[in-house]
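Q: Let me see the structure of the following:
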Amino acid sequence: MPLLLIAVLFTSCNNSESLQRYFVEHQEAKGFVSQDFPLSMIEVDQSNFTEKQQEAYQSVQKLNFLGFKVDPENQSVYETELAKVKTILSNEKYNELIDLSDKGKHLSVKYLGENDEADEFILFGYAKERGFAVVRVLGHDMTPKKMISLVEAMKNANIDETQFQKIGDFFR
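A: As a prediction, the model looks like this:
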């Protein structure tokens, strides 16, 4: 029994920051905007999806968005918060799928899981003049291969962009 109590104490005292904890702590913080999208609420024309793309689409349940808009008055806060997110995502538990940089803009896609199974996908992008955004893609039976297929399908899908207006307006 004492050994179990010690194990519980050490586990509960773990101070390592997780992306989920970061989301919870910052969703209502000044300078941040957050939005949760159950996939069922997002209207996507799936009529041209292949069977594999449809399967990939069905594996996603919801998207969690957290963004920070930078301006001249919050530049130091932006740099601090950006560093925190980078530190969290540098943890080896996040597997890198894509990492792109171009003209001061950066986008990375990572996932939590093992090889062919993903518990969560993370899209992280930032630009010095705009801010940063993190999107957690949550679902079931997700795989990197399925998500790549889904990204291809979404490029050509008819999506009502007004559904994302709050996020778009935030970065203008």
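Q: CA only for contacts and neighbour counts going forward, please
A: Noted.
Q: can you give me how far stretch 144-157 is from the chain middle?
A: 16 Å (C-alpha atoms, centre = their mean, to the nearest Å).
Q: now what about that stretch, what contacts it?
A: Outside of stretch 144-157, the residues within contact range by C-alpha atoms under 8 Å, 6 or more residues apart in numbering are 44-46, 48-49, 52-57, 97, 111, 116-118.
Q: number of nearby residues for residue 20?
A: When counting by other C-alpha atoms under 10 Å, one arrives at 10 neighbours for residue 20.
Q: Repeat that for residue 88.
A: A total of 17 residues lie near residue 88 under the criterion other C-alpha under 10 Å.
Q: Could I get the buried residue list for the helix or strand encompassing it?
A: Following DSSP states H and E, the helix or strand that holds residue 88 is helix 75-89. For helix 75-89, the neighbour count (16 or more other C-alpha atoms under 10 Å) marks 78, 81, 82, 85, 88, 89 as buried.
Q: Distance to residue 18 and pLDDT for those residues - can I get that in TSV?
A: Compiled in TSV, the buried residues of helix 75-89 are given as follows (distance: C-alpha to C-alpha, whole Å; pLDDT from 0 to 100):
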residue	distance to residue 18	pLDDT
78	19	96
81	14	97
82	14	97
85	9	97
88	6	97
89	9	97
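Q: gap between the residue nearest the centre of the chain and residue 108?
A: Nearest to the geometric centre of the chain sits residue 135, at 2.3 Å (C-alpha atoms, centre = their mean). Distance, residue 135 to residue 108, by C-alpha to C-alpha, to the nearest Å: 11 Å.
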